[in-house]
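Participant: Return a 3D structure for these sequence lines:
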Amino acid sequence: MSKGSLRPMYIIYDSKKVVPNLQDVWPNPDSTQRLELHISLSRPIFLRAHQREDLKRAVKRISQANKAFTLSFAVLSELVNDEKTRTFLTMEVGAGHHELRSLADSLTPALRAIRQQEYYVNPRFHASIAWALLHRSQGTPFPPSGSSDSICTRAILEDPPAPSIAPGSGATTPEGFPAIECLPADMIKMLNERYGAQIASPKVGSFEVHAITVKIGKEVTSWQLN
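Facilitator: So this is what the prediction gives:
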């Protein structure tokens, strides 16, 4: 449950004034619903059918062995995926980084057992709030669309979103979304100057992490931390 009143939709609203092609992480936010922030504990995982239950059992054991904890965000930043196909506007974790690192490290044996790469050596735990496709070099194919399996912690925002503006025009990709070169550095600086103190405030940007969630395709399973 949220301890404060952090409203990412206001940050996105201001961001879209600079980069209209930004897409909300929540495509159709409902003001009557609570928004969820997801913090990844793994890279995208590609599973065979017989590996799914083994991974879920491993995550369940890790959940039972770890306690719920408080997390807070520290700064807004731009992060790009490994394939350099998408850029994300993110809120990076401050307090709670140690606990997240412990959870991610606990997953390493299970990931190695199914021949998947463990998480980054120096992870930058974050919650993405908006994204955009990046321009690709000529002749470089786009990867097939579709969702990958991932493991994440979950925190819930209780406040309704602010209104957002529609994306503008630009070069389009096979996925139908306009692409950009990058997020402007001065935009990130402006957002941190405007919202940084609010994000870092324990009374606003602080949350209780209470569950680990595994998403495999459209199937979502969660286990409560002790």
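Participant: how about stretch 102-112: buried residues?
Facilitator: Residues Leu103, Ala104, Ser106, Leu107, Ala110, Leu111 are the ones in stretch 102-112 that count as buried (16 or more other Cβ atoms under 10 Å). For the C-beta atoms, the positions are set from N, CA and C on the backbone; glycine is no exception.
Participant: can you tell me which residues contact the third one?
Facilitator: Listed by Cβ atoms under 8 Å, 6 or more residues apart in numbering, the contact partners of Ser106 are Ile62, Ala65, Asn66.
Participant: which one of those sits closest to Trp223?
Facilitator: Lowest distance from Trp223 to those (Cβ to Cβ) belongs to Ile62, with 8.3 Å.
Participant: what about that closest one, neighbour count?
Facilitator: Neighbour count for Ile62, taken as other Cβ atoms under 10 Å: 21.
Participant: Tell me which helix or strand it sits in.
Facilitator: Following DSSP states H and E, the helix or strand that holds Ile62 is helix 52-65.
Participant: Can you tell me the SS state at Leu47?
Facilitator: coil (DSSP: H, G, I helix; E, B strand; the rest coil).
Participant: what separates it from Thr108, distance-wise?
Facilitator: Distance of Leu47 to Thr108, given as Cβ to Cβ, to the nearest Å: 16 Å.
Participant: circling back: and the buried residues of stretch 102-112 as TSV, adding distance to Thr90?
Facilitator: Putting the buried residues of stretch 102-112 into TSV (distance: Cβ to Cβ, whole Å) gives the following:
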residue	distance to Thr90
Leu103	18
Ala104	16
Ser106	23
Leu107	21
Ala110	26
Leu111	23
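Participant: contacting residues around Ile62?
Facilitator: Leu103, Ser106, Leu107, Ile212.
Participant: Filter those down to the ones in strands?
Facilitator: Judged by DSSP state E, these include Ile212 as members of strands.
Participant: Would you reformat the contacts of Ile62 as JSON lines and include pLDDT?
Facilitator: Shown next, in JSON lines, are the contacts of Ile62 (pLDDT from 0 to 100):
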{"residue": "Leu103", "pLDDT": "96"}
{"residue": "Ser106", "pLDDT": "96"}
{"residue": "Leu107", "pLDDT": "94"}
{"residue": "Ile212", "pLDDT": "94"}
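Participant: Just the ones of the contacts of Ile62 in helices?
Facilitator: Leu103, Ser106, Leu107 (DSSP state H).
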